[in-house]
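[1] This is a predicted model, with the sequence first.
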Amino acid sequence: MRALVIEQYGPPENVLRLEQMPQPQPKPGEVLVRVHATSVNSWDWDSVTGTPMGRVTGPFKPPFNILGADIAGTVEALGQGVTTFKPGDNVFGDLSGGKWGGFADYVCAPAGVLALIPPGLSFIAAAAIPQAGGLVLQALRKFPQLGPGHTVLFSGAGGGVGTFGIQLAKAAGATVTAVDRKEKREALLALGADSFIDYQSEDFANASERYDLIIDVVANRPAKHYKRSLKRGGRLVVIGGTFSSLIRILAASPFSRGKTLSILPYKVSPEDSLMLAAKVRPVIDSTFALEDGAKALRRLGGGHHIGKVIVTMV
């Protein structure tokens with residue numbers, strides 16, 4: 001089988017290479033999946049380029065030789081004890097809790113992280129959902145009363161998390177502000193955002209507006225900036241950001257005085273993926289063939305994408 005292999009940190013064009021490898025065989029409890037599509041996530045970028053966040057699980061080299069967590073494909077074979085699927089089933093799921101391996105023609109995945117792809121959902125759309133969708137759905141659950149009259153701000157709104165989050169928050173009746181690069185403005189307003197802030201020319205923390213909920217995927221500011229942007233009783237949920245900013249938010253959390261600052265503990269959930277598949281429309285920025293995987297990583301790492309970047313195998 002073909003696979004994008006990595007052995008050291010660096011620019012994706014320099015460290016990712018396409019190789020022929022033996023097809024894996026499923027162990028007990030695993031499913032062999034022929035991969036049709038894999039989405040690219042920020043965790044892939046961190047694990048390729050060796051950012052401080054990426055080195056948490058691999059201080060000196062990438063933790064896995066084949067990255068890629070969000071997959072959609074067809075069941076080829078079952079490991080001992082698997083009864084929930086059969087060969088020929090179309091499945092999707094997030095492999096980030098295990099050995100990853102989605103940037104390949106085949107991967108063995110624990111049966112418990114997979115779900116059947118609903119009828120009518122393409123492999124590309126299915127691959128876009130699990131991780132980004134699960135992250136924002138679990139973040140929104142931290143503010144379970146969300147509804148009409150509440151205000152939500154998504155910082156880094158143009159990626160997968162934000163494009164799913166805008167749809168979910170609007171469906172709940174909230175008023176949504178999207179923060180990202182100016183070139184994403186029209187697309188995010190068309191998706192349902194009520195207002196837009198270009199972070200390159202305006203800092204939402206310096207504005208007079210206060211929010212019930214802030215979800216930030218690129219947290220890179222002092223905790224005090226978030227506190228002054230929240231209403232009393234409001235909550236910040238951080239999904240990603242710089243290592244130093246996450247430490248500062250954790251340190252400030254006990255002293256937030258009627259406001260809650262938190263970092264999301266993400267849990268892989270095929271049930272969440274199924275729920276999202278019925279509620280949201282994945283926004284697909286671009287697709288790349290497996291042999292162009294480095295270009296897909298570069299597209300995501302450049303920050304100009306809107307929605308999800310997908311790698312396809314067939």
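    Now that the structure is in, tell me what you want to look at.
[2] hey, where'd the helices end up in this protein?
    12-15, 42-49, 123-128, 130-140, 160-171, 185-191, 223-229, 243-252, 270-277, 293-301 (DSSP state H).
[3] Including mean pLDDT, could these go into a markdown table?
    A markdown table is the format used below for those (pLDDT from 0 to 100):
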| stretch | mean pLDDT |
| --- | --- |
| helix 12-15 | 97 |
| helix 42-49 | 94 |
| helix 123-128 | 98 |
| helix 130-140 | 97 |
| helix 160-171 | 98 |
| helix 185-191 | 97 |
| helix 223-229 | 88 |
| helix 243-252 | 77 |
| helix 270-277 | 96 |
| helix 293-301 | 97 |
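[4] Among the ones you listed, which comes closest to residue 22?
    Checking those against residue 22 by Cβ to Cβ gives helix 293-301 as the closest, at 19.5 Å. Where you see a C-beta, it was placed from the backbone N, CA and C, and this is true even at glycine.
[5] who's in contact with that closest one?
    Helix 293-301 is contacted by residues 4, 12-13, 16, 18, 40-42, 44-45, 48-49, 103, 285-286, 288, 305, 309-311 when judged by Cβ atoms under 8 Å, 6 or more residues apart in numbering.
[6] what do you get if the cut-off is 6 Å, keeping everything else the same?
    4, 12-13, 16, 40, 45, 48, 103, 286, 288, 305, 309, 311 (Cβ atoms under 6 Å, 6 or more residues apart in numbering).
[7] before we move on, what about stretch 161-175?
    Taking Cβ under 6 Å, 6+ apart as the rule, stretch 161-175 contacts 132-133, 135-136, 140, 146-148, 150-152, 154, 156, 176, 191-194, 217, 239, 280, 283, 307.
[8] coming back round to it: and residue 97, which of the helices of the chain is closest to it?
    helix 130-140 (10.3 Å).
[9] so how far is the closest one from its chain's centroid?
    7 Å (Cα atoms, centre = their mean, to the nearest Å).
[10] looking at it, residue 282 is touching residue 124, isn't it?
    No - contact status for residue 282 versus residue 124: not in contact, 8.0 Å apart, counting by Cβ atoms under 6 Å.
[11] Make a markdown table from the helices of the chain and add mean neighbour count to it.
    Formatted as a markdown table, those follow (neighbours: other Cβ atoms under 10 Å):
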| stretch | mean neighbour count |
| --- | --- |
| helix 12-15 | 15 |
| helix 42-49 | 24 |
| helix 123-128 | 26 |
| helix 130-140 | 26 |
| helix 160-171 | 25 |
| helix 185-191 | 17 |
| helix 223-229 | 18 |
| helix 243-252 | 16 |
| helix 270-277 | 19 |
| helix 293-301 | 22 |
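[12] can I get those in TSV with distance to residue 65?
    As requested, these are exported to TSV (distance: least, Cβ to Cβ, whole Å):
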stretch	distance to residue 65
helix 12-15	11
helix 42-49	11
helix 123-128	21
helix 130-140	20
helix 160-171	25
helix 185-191	35
helix 223-229	37
helix 243-252	24
helix 270-277	25
helix 293-301	14
